[in-house]
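**Student:** got a structure for you, letters missing:
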């Protein structure tokens with residue numbers, strides 16, 4: 001049957017503060033079973049991994065490595081295809097820095113990317129002489145396969161697309177874009193920061209070579225954790241970002257031999273408790289049921305998008321929730337976005353995000369300098385969304401004027 005909403009809410013200590021937390025696209029609160037798994041490490045076997053034969057280090061190594069399989073099950077991958085990272089940003093940078101680039105190589109992204117999936121490619125433009133092309137978006141911030149087809153060609157080395165826009169919530173046609181990449185002999189990287197844990201993500205169905213995701217968003221894991229999926233036959237093309245202790249088979253005065261992937265990406269002492277916590281978080285969302293999470297978020301989003309009917313409020317992105325994740329981005333005419341977010345917090349303890357959401361080109365596409373963003377997860381209540389909408393209506397009535405752009 002999976003965990004009920006009430007059971008999940010009871011597991012999240014942060015909610016006991018009374019906050020109406022609608023900032024899940026930024027980070028999610030951590031359930032107690034995840035905290036317990038991390039505390040168990042600290043209290044029962046707080047040792048380094050792979051650096052000794054005593055029972056504590058053996059247990060730490062076993063639990064640390066077991067998390068790969070738990071992550072892999074969420075996205076239908078193999079444990080040996082999971083590289084640990086501290087966030088999705090690091091995962092993307094492993095690909096950007098790890099591939100061997102030649103001058104003139106072409107990378108295709110979109111105008112809707114988070115800065116983490118844009119700046120690394122811009123740096124390669126400057127340092128390696130690659131060419132970066134951006135697929136344009138529709139007014140509703142959707143990428144159309146026909147638009148992608150005009151830009152992806154035989155000169156393309158890599159295509160990278162966000163599965164769900166972090167700023168707007170629009171779901172992109174990654175299966176179709178991935179096919180275009182394969183048809184042109186290009187690698188395909190998916191930024192799944194806003195989809196993994198929120199909806200079904202199957203790397204085999206997507207057909208991607210790489211997929212980046214954080215632990216602290218949809219997966220309800222701890223901050224400072226994430227992963228990079230690397231299709232097993234692509235590891236030979238990817239150099240590790242860091243070199244150092246823990247990833248060598250042998251070292252001589254002027255040479256070294258590294259261990260095999262994915263452990264070759266674990267240089268130095270990694271975030272052992274964090275990855276153990278992320279493994280438990282993956283089990284937790286699977287216990288709820290990812291399809292169940294997706295269906296509930298869809299219903300909450302349908303309710304939340306009704307704020308578009310409030311005078312002076314403009315909602316950005318697709319009107320059809322079938323093309324939208326659990327993110328609703330909006331503005332109130334005549335009221336600066338940060339002021340709206342501050343009033344929601346001060347009046348009703350409703351937490352949302354405001355600004356450009358690390359997606360300045362997306363804001364320029366919309367013709368605004370920022371938006372207010374509300375975002376849900378499985379544990380949110382209909383009553384919380386209603387409270388948010390009621391207070392927003394009050395703000396719009398009292399301070400709104402005209403319509404925002």
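**Tutor:** That came in fine, so what should we check first? Please read these numbers as outputs of a predicted model, since none were measured by experiment. Numbers count the residues shown, from 1 in each chain.

**Student:** what's the separation between the residue lying closest to residue 185 once chain neighbours are set aside and residue 273?
**Tutor:** Excluding the flanking residues, the one nearest residue 185 by Cβ to Cβ, 6 or more residues apart in numbering is residue 154, at 6.6 Å. Placement of C-beta: from N, CA and C, glycine included. Residue 154 sits 46 Å away from residue 273, going by Cβ to Cβ, to the nearest Å.

**Student:** more neighbours, those two?
**Tutor:** Higher neighbour count among residue 154 and residue 273: residue 273, with 21 against 9, using other Cβ atoms under 10 Å.

**Student:** could you check how far the more buried one is from residue 79?
**Tutor:** 19 Å.

**Student:** just residue 382 next, same as before
**Tutor:** According to Cβ to Cβ, residue 382 stands 38 Å off from residue 79.

**Student:** sec struct for residue 2, please.
**Tutor:** The local conformation at residue 2, judged by DSSP: H, G, I helix; E, B strand; the rest coil, is coil.

**Student:** I'd say it and residue 285 touch.
**Tutor:** No. Residue 2 is beyond contact range of residue 285, at 10.0 Å (criterion: Cβ atoms under 8 Å).

**Student:** more neighbours, these two?
**Tutor:** residue 285 (25 against 15).

**Student:** residues of whichever strand or helix holds that one that come out buried?
**Tutor:** Counting by DSSP states H and E, the element that carries residue 285 is helix 272-288. For helix 272-288, burial by neighbour count (16 or more other Cβ atoms under 10 Å) applies to 272-286, 288.

**Student:** by contact count, what packs against that helix?
**Tutor:** helix 32-44, helix 55-75 (3 or more Cβ pairs under 8 Å, 6 or more residues apart in numbering; DSSP states H and E).

**Student:** for the last one, which outside residues touch it?
**Tutor:** What that stands for is helix 55-75. 41, 44-51, 77-82, 84, 192, 196-197, 201-203, 211, 213, 219, 227, 229, 262, 270, 272, 275-276, 278-280, 282-283, 285-286, 290 (Cβ atoms under 8 Å, 6 or more residues apart in numbering).

**Student:** from the chain's centroid, how far away is that helix?
**Tutor:** Chain-centre distance of helix 55-75: 21 Å, with Cα atoms, centre = their mean, to the nearest Å.

**Student:** and the angle for that helix with helix 272-288?
**Tutor:** Counting by axes from the mean of the first three to the mean of the last three Cα atoms, to 10 degrees, helix 55-75 points 40 degrees away from the direction of helix 272-288.

**Student:** re the thing from before, average pLDDT for the helix holding residue 285?
**Tutor:** Taken as a whole, helix 272-288 has an average pLDDT of 98.

**Student:** and the next element down the chain from it?
**Tutor:** helix 290-304.

**Student:** ok so, going back, export the helices and strands packed on helix 272-288 to a markdown table and tack on mean neighbour count?
**Tutor:** Below are the helices and strands packed on helix 272-288 laid out as a markdown table (neighbours: other Cβ atoms under 10 Å):
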| stretch | mean neighbour count |
| --- | --- |
| helix 32-44 | 16 |
| helix 55-75 | 19 |
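
**Student:** dump these to TSV, plus distance to residue 16.
**Tutor:** Shown next, in TSV, are these (distance: least, Cβ to Cβ, whole Å):
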stretch	distance to residue 16
helix 32-44	11
helix 55-75	27
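
**Student:** can I get those in JSON lines including mean pLDDT and distance to residue 311?
**Tutor:** JSON lines is the format used below for these (pLDDT from 0 to 100; distance: least, Cβ to Cβ, whole Å):
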{"stretch": "helix 32-44", "mean pLDDT": "98", "distance to residue 311": "42"}
{"stretch": "helix 55-75", "mean pLDDT": "97", "distance to residue 311": "42"}
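
**Student:** so which of those helices is nearest residue 111?
**Tutor:** Closest to residue 111 of the helices and strands packed on helix 272-288 is helix 55-75 (Cβ to Cβ; 26.1 Å).

**Student:** residue contacts, residue 195?
**Tutor:** 163, 164, 171, 201, 213, 218, 325.

**Student:** any idea how far residue 91 is from the residue lying closest to it once chain neighbours are set aside?
**Tutor:** Excluding the flanking residues, the one nearest residue 195 by Cβ to Cβ, 6+ apart is residue 163, at 4.1 Å. Note on residue 163: its distance to residue 91, by Cβ to Cβ, is 13 Å.

**Student:** then residue 198?
**Tutor:** As judged by Cβ to Cβ, residue 198 and residue 91 stand 17 Å apart.

**Student:** now swap in residue 155 and tell me
**Tutor:** Counting by Cβ to Cβ, the gap from residue 155 to residue 91 is 25 Å.

**Student:** more neighbours: the two, which one.
**Tutor:** residue 91 (30 against 14).

**Student:** so when I look at that one, I'm seeing a strand, right?
**Tutor:** No. Assessed by three-state DSSP, residue 91 does not belong to a strand; its assignment is helix.

**Student:** which residues sit in contact with it?
**Tutor:** 83, 85, 210, 212, 213, 226, 227, 228 are the contacts of residue 91 under Cβ under 8 Å, 6+ apart.

**Student:** buried subset of the contacts of helix 55-75 as a PyMOL selection?
**Tutor:** Buried subset of the contacts of helix 55-75, written as a PyMOL selection, criterion 16+ other Cβ under 10 Å:
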select buried, resi 41+45+47+49+50+77+80+81+82+84+192+196+197+201+203+211+213+219+227+229+262+270+272+275+276+278+279+280+282+283+285+286+290
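
**Student:** which residue, other than its chain neighbours, is closest to the residue nearest the centre of the chain?
**Tutor:** For the chain, residue 193 is the residue whose C-alpha lies nearest the centre (Cα atoms, centre = their mean; 1.1 Å). Of all residues beyond its chain neighbours, the one nearest residue 193 is residue 88 (4.4 Å), with distances taken as Cβ to Cβ, 6+ apart.

**Student:** which residues touch the one you found?
**Tutor:** 116, 191, 192, 193, 212, 213, 214, 226.

**Student:** over to residue 247?
**Tutor:** Contacts of residue 247 (Cβ under 8 Å, 6+ apart): 240, 258, 259, 263, 264, 265, 266, 267.
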